[in-house]
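Engineer: Whatever this is, show me its structure:
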Amino acid sequence: MTSGDDVLVRVKGVEKYYRRGAENVHVLAGIELEVRRGEFLALMGPSGSGKSTLLNLIGGLDRPSGGSIAVDGHPIERLGERPLAAWRARHVGFVFQLYNLLPALTAERNVELPLLLTHLNAGQRRRHVRLALEVVGLAHRTKHYPRQLSGGEQQRVGIARAIVTDPNLLLCDEPTGDLDRKAGDEILDLLQGLSRDHGKTIIMVTHDPHASARASRTVHLYKGQIVTEVPK
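Structural biologist: Below is the predicted model:
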């Protein structure tokens, strides 16, 4: 066990199930997981194993059916909807497989979106956006629209948007799944740097062993449970 100060995310006995008619369909069963500050953790497992569900629970996008989830000591499953949304906006950055950029907005405007929920003025928001785009190596592409960017560049914009509020936790759902190997490796380099050089804690869902090898630790899920090895 790691000490409390070293642990950013603590998942204890977490279950998730959905009602289907008269029965409960279990997606997660008794998950126990600790993630250290600054760790780059990969979650692996076959489709339907519960990887994305667990990621969404840790990020406060969904609520567990049982158990508890604490991030930086805060039990997020106890928060009401509005406090949970405010906590999520401040402390968690999300990176998606398909980028989720708004096509009518430039790169800098896409990155600015999370800051519109803060009390920063326009000048402060511009400075945060410029810094985030510099971190991901796109300071020269601020005025470009998504259609003018490659897939790898669009994902970099997505990562800039995720870090623009300076969250301590990044949750990445198949961040290289829509990219070729070269662009994917560049994104993995960037994520490693964010963990190593900027102290970001990263949890990445992936089915790709090449991607998981870049993480500092890999956890395997199978049929809603953490296992030491996925059965063949």
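Engineer: residue ranges for the strands of this structure, please.
Structural biologist: Ranges of strands in the chain, per DSSP state E, are 7-20, 23-36, 40-44, 66-71, 74-75, 92-95, 169-173, 201-205, 217-222, 225-227.
Engineer: Low-confidence regions, this protein specifically.
Structural biologist: Residues of the chain meeting the criterion pLDDT under 70: 1-4, 230-232.
Engineer: what about the residue positioned nearest the centre of it, distance to Asp180?
Structural biologist: What sits nearest the mean C-alpha location of the chain, by C-alpha atoms, centre = their mean, is Leu171, with 0.9 Å. Distance, Leu171 to Asp180, using C-beta to C-beta, to the nearest Å: 23 Å. In short, each C-beta sits where N, CA and C put it, glycine included.
Engineer: Would you check that Gly30 makes contact with Gly13?
Structural biologist: Yes: contact criterion C-beta atoms under 8 Å: Gly30 and Gly13 qualify, at 5.6 Å.
Engineer: tell me, what's touching those two both at once?
Structural biologist: Listed as contacting both Gly30 and Gly13 by C-beta atoms under 8 Å, 6 or more residues apart in numbering are Gly67.
Engineer: circling back: contact partners for the residue nearest to the centre of the chain?
Structural biologist: With contact set as C-beta under 8 Å, 6+ apart, Leu171 has these partners: 55, 58-59, 92-95, 202-203.
Engineer: Could you identify the most distant pair in the residues you listed?
Structural biologist: Maximum pairwise distance among the contacts of Leu171 (C-beta to C-beta): 13.6 Å, between Ile58 and Val95.
Engineer: those helices in this structure, which residues are they?
Structural biologist: Counting by DSSP state H, the chain has helices at residues 51-58, 81-91, 107-112, 122-135, 151-163, 181-198, 209-212.
Engineer: Just tell me which of those ends up closest to Tyr17.
Structural biologist: Closest approach to Tyr17 among the helices of the chain (C-beta to C-beta): helix 51-58, 10.3 Å.
Engineer: So which elements touch that closest one?
Structural biologist: With contacts taken as 3 or more C-beta pairs under 8 Å, 6 or more residues apart in numbering; DSSP states H and E, helix 51-58 sits against strand 7-20, strand 23-36, strand 40-44, strand 66-71, strand 169-173, strand 201-205.
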